[in-house]
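> what follows is a protein structure lacking sequence information:
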DNA sequence: CTGAAAGCGCTTACAG
DNA sequence: CTGAAAGCGCTTACAG
């Protein structure tokens, strides 16, 4: 927007535009859609005129005519973001603000990718079984030609989505037993990265602080922690594994269990990106200095809220974008992998230090 | 979904449906749209057949034909949710998970209301000035016939939105100097409710714990606090007002300032729904018992994360729904108020008690 | 109460 | 390289 202020244009049709340019409607349309049959000069004139007049082809008409000439490679133009939410549940407590946050990050990532391919995103939330009808209506009315599915995705949910006959991709976690196409963060790799980082700093007694272990990813992270310990040939000790970290003050009690009996760990990896009390406070409350007495690697969503803390960052936005890419490939009839793993990042901060400096 | 499993139907057109029912296309359409000209029996047959066959009128065709017969009262069918986000900013830190949360709550509320009127919601995020074009394209292509605007809404943003010639409503905070239509929470009323509640319990020395004072609503809440003290004829003391509550451990320091010099307050109202360390911990850390030594009223989004804590609840979801209502009224050419205030709720918990019990 | 017809704004196959 | 024409699926004014 060079003017800094948008000008209001009247709504023009292709026909009016074509007349303005002394072109046939047909040539105008071909030029606008970049068809090679129209010469460069004409194409340029058309594009320029469209820009100047703020002309955009009517979307409804475009969609309608598409029903006539079914292309072999249908382009994605409108994607639905299906957010499967618990019925009565609010966004509080455990599901918590973190749930809200990852959903929004996925949404942002998806929207961004969709924008780049000139498609739009329809947000639909399903929390009761009666809501399935609305998503189905949207599909059947031609408003959505592909679905991104996120939240509490299970077999029943997928049976609905499947029945609509549109391409679909699950974003994030799911609890489906059948084969599904999904894009998720590589949770195991998060544990591996953390252990690798700490091992690189000379730590050999690394503790694992896990979540409720009710979700698949939580077990995945614990398994990957164990595997990484073996890989790097580190000491193992069941006392260095604590799970069921609560969201409130009693977090302190769980962390304290690491220090009941010697040998104490020299580093802690906390796998939950969820609502952990800020780490500084958590360890402060136990009179630990960071990284004086102990090294710490936490977990966070994109961007991060606790600067300076070493952490595994979970790029949910990227997962959203990647999901859109997968969906587009499906829509285009191209081969797509069943599962795409989005790798987390290790961001080294000041909370982890060489073992020799402790 | 009585079957528990969605059946897949082929895509049928109105014409095919009409033929199935031995009706003219015209009668079928009228019946489907509830036009009074068609008799009850026919209407019922049509509706039933539509349900059975999973028939939904093609949306694109509907939109297209609407351009021909412009109704005086245009119904809202597709609404854009314009999320004005800071460019480089992630959802971390101060803007924090709370920002993500309120946005998602507004979105949920809006989607819910829209669903009830059989309309859909398109999510658009604008973070750079170059992104304005995408929202404009969406409007000009006929994909969006009304806008809900949320986030960092300022005069420049509104000048863009205005230029698209569609109805629009701001959800939540804004910093516009011009006259705008908006739906926001009644922040002042939150302070009033809290003071009223505490006064009812006999408290006369009530402290105010505020945020960064960089947003309009934060000042509004402080002013309303002062006003409520006057109204209830309570003691005032500038030491009982502390603002700039940080998001980390140093929160304790700010709270401690209430207790530097006597007389101490007997109750605290915390106005920020944002990332306050859970109250229990905050006051625990200061060796206060709740409500033993002091009464506390906090602030939270819908639903609440700290059960048992007395709080002012901010119904962001409701604000989203109300915004949709306003937008629909505008689209229908009906008169709409410039500003609609959504009232917060006071939820009494165990953290506030009668002064006589302390 | 119902039917035959026009046309919304586009895109593309078909002739030239 | 270009034009005249068909038609996507609907809704509504216009006759009957």
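That came in fine, so what should we check first? If you're wondering where the values come from, they're calculated on a predicted model, not measured in any experiment.

> endpoint to endpoint, stretch A:339-354 covers what distance?
37 Å (C-alpha to C-alpha, to the nearest Å).

> number of nearby residues for whichever residue of the stretch 201-350 of chain A sits closest to DNA strand C?
The minimum distance from the stretch 201-350 of chain A to DNA strand C, using C-beta to the nearest atom of the strand, falls at residue A:332 (14.6 Å). Yep, even glycine has a C-beta here, placed from its N, CA and C like the rest. If you count neighbours by other C-beta atoms under 10 Å in any protein chain shown, residue A:332 ends up with 15.

> pretty sure it is touching residue A:71, no?
No. If you go by C-beta atoms under 8 Å, residue A:332 and residue A:71 don't touch, sitting 9.8 Å apart.

> who touches both of these two?
Residues touching both residue A:332 and residue A:71 (C-beta atoms under 8 Å, 6 or more residues apart in numbering or on different chains): there are none.

> pLDDT score assigned to whichever residue of the stretch 151-300 of chain A sits closest to chain B?
Closest contact between the stretch 151-300 of chain A and chain B, by C-beta to the nearest C-beta, is at residue A:163 (3.8 Å). What the model reports as pLDDT for residue A:163 is 92.

> how about residue A:96?
42.

> all helices for the stretch 251-358 of chain A, in order.
A:251-256, A:279-284, A:316-331 (DSSP state H, counting those that start in this stretch).

> what residue ranges in chain A score low on pLDDT?
Within chain A, the stretches with pLDDT under 70 are A:1-8, A:72-73, A:87-99, A:247-249, A:274-281, A:285, A:303-307, A:357-358.

> so what are the domain limits for it?
A:14-57, A:78-185+A:317-337, A:187-316+A:345-357 (automatic domain parsing).

> so the shortest one, near DNA strand C or not?
Yes. Counting by C-beta under 7 Å from any atom of the strand, DNA strand C is contacted by domain A:14-57 at A:14-15, A:25-26, A:29-30, A:32-33, A:35, A:57.

> going through the residues you listed, which ones are buried?
By neighbour count, with 16 or more other C-beta atoms under 10 Å in any protein chain shown, these hold A:14, A:29-30, A:32, A:57 as buried.

> what is the nearest of these to DNA strand D?
When those are compared against DNA strand D (criterion: C-beta to the nearest atom of the strand), the nearest one is residue A:30, at 6.9 Å.

> can you tell me which residues contact the residue nearest to the closest one when sequence neighbours are not counted?
Distances taken as C-beta to C-beta, 6 or more residues apart in numbering or on different chains place residue A:38 nearest to residue A:30, at 4.9 Å, with adjacent residues excluded. Contact analysis of residue A:38 by C-beta under 8 Å, 6+ apart lists A:27, A:30-31, A:46.

> just want the phi and psi numbers for residue A:38.
phi -100, psi 140 (degrees, to the nearest 10).

> enumerate the residues of chain A near DNA strand C.
A:13-15, A:25-26, A:29-30, A:32-33, A:35, A:57-58, A:61-62, A:64-66, A:68-69, A:71.

> so which of those residues reach DNA strand D?
A:25-26, A:30, A:61, A:64-65, A:68.

> mind checking which helix or strand residue A:183 is in?
If you go by DSSP states H and E, residue A:183 is part of strand A:182-185.

> what's the first helix or strand after that strand?
helix A:187-200.

> and that next one, how far from the chain's centre?
On the basis of C-alpha atoms, centre = their mean, to the nearest Å, helix A:187-200 is displaced by 21 Å from the centre of the chain it belongs to.

> strands paired with the helix or strand following it, and their directions?
The helix or strand immediately downstream of helix A:187-200 is strand A:206-209, counting by DSSP H and E. Partners of strand A:206-209 in the sheet, by DSSP bridges, are strand A:241-242 (parallel), strand A:267-270 (parallel).

> which one of these lies closest to DNA strand D?
Once the strands paired with strand A:206-209 are compared by C-beta to the nearest atom of the strand, strand A:267-270 is nearest, at 53.5 Å.

> list the buried residues in that closest one.
A:267-270.

> again with stretch A:257-275
Result for stretch A:257-275 [16+ other C-beta under 10 Å]: buried residues A:258, A:265-275.

> elements contacting the longest helix along chain A?
Counting residues, the longest helix found in chain A (DSSP state H) is helix A:96-116. Applying 3 or more C-beta pairs under 8 Å, 6 or more residues apart in numbering or on different chains; DSSP states H and E, one finds that helix A:96-116 makes contact with strand A:78-84, strand A:120-126, strand A:147-151, strand A:295-301, helix A:316-331, helix B:96-116, strand B:120-126.

> find the nearest non-adjacent residue to residue A:24, please.
residue A:18 (6.2 Å).

> the one you found should be in a strand, yeah?
No. Remark: residue A:18 does not belong to a strand; assigned using DSSP: H, G, I helix; E, B strand; the rest coil, it is helix.

> so which bits of stretch A:179-198 are buried?
Buried residues in stretch A:179-198 (16+ other C-beta under 10 Å): A:180-195, A:197-198.

> swap that for stretch A:112-119, sorry
Quick answer for stretch A:112-119 (16+ other C-beta under 10 Å): A:112-115, A:119.

> can you name the residues in contact with that stretch?
A:75-79, A:120-121, A:317, A:320-322, A:324-325, A:328, B:125, B:131, B:134, B:137.

> residue A:111 contacts residue B:123, correct?
Yes. If you go by C-beta under 8 Å, residue A:111 and residue B:123 touch, sitting 5.8 Å apart.

> what sits in contact with each of those two?
Residues touching both residue A:111 and residue B:123 (C-beta under 8 Å, 6+ apart): residue A:121.

> returning to what we had before: between the strands paired with strand A:206-209, which one is closest to residue A:83.
Residue A:83 lies closest, by C-beta to C-beta, to one member of the strands paired with strand A:206-209: strand A:267-270, at 27.1 Å.

> what comes into contact with that closest one?
Against strand A:267-270 from outside (C-beta under 8 Å, 6+ apart): A:191, A:194-195, A:198, A:201, A:203, A:205-209, A:225, A:245, A:255, A:258, A:276, A:279, A:294-299, A:352.

> wait, what's in contact with whatever residue of the stretch 251-358 of chain A ends up closest to DNA strand D?
Evaluated by C-beta to the nearest atom of the strand, the stretch 251-358 of chain A has residue A:331 as its residue closest to DNA strand D, separated by 18.8 Å. Counting by C-beta under 8 Å, 6+ apart, residue A:331 touches A:74-76, A:145-146, A:167.

> what residues does chain A have near DNA strand D?
So chain A meets DNA strand D at A:23-27, A:30, A:36-40, A:42, A:61, A:64-65, A:67-68 (C-beta under 7 Å from any atom of the strand).

> now, of those residues, which are buried?
Judged by 16+ other C-beta under 10 Å, buried ones among those: A:23, A:27, A:30, A:38, A:61, A:64.

> mind checking what secondary structure residue A:22 has?
coil.

> pretty sure residue A:160 sits against residue A:136.
Yes. Between residue A:160 and residue A:136 a contact is recorded at 7.3 Å, counting by C-beta under 8 Å.
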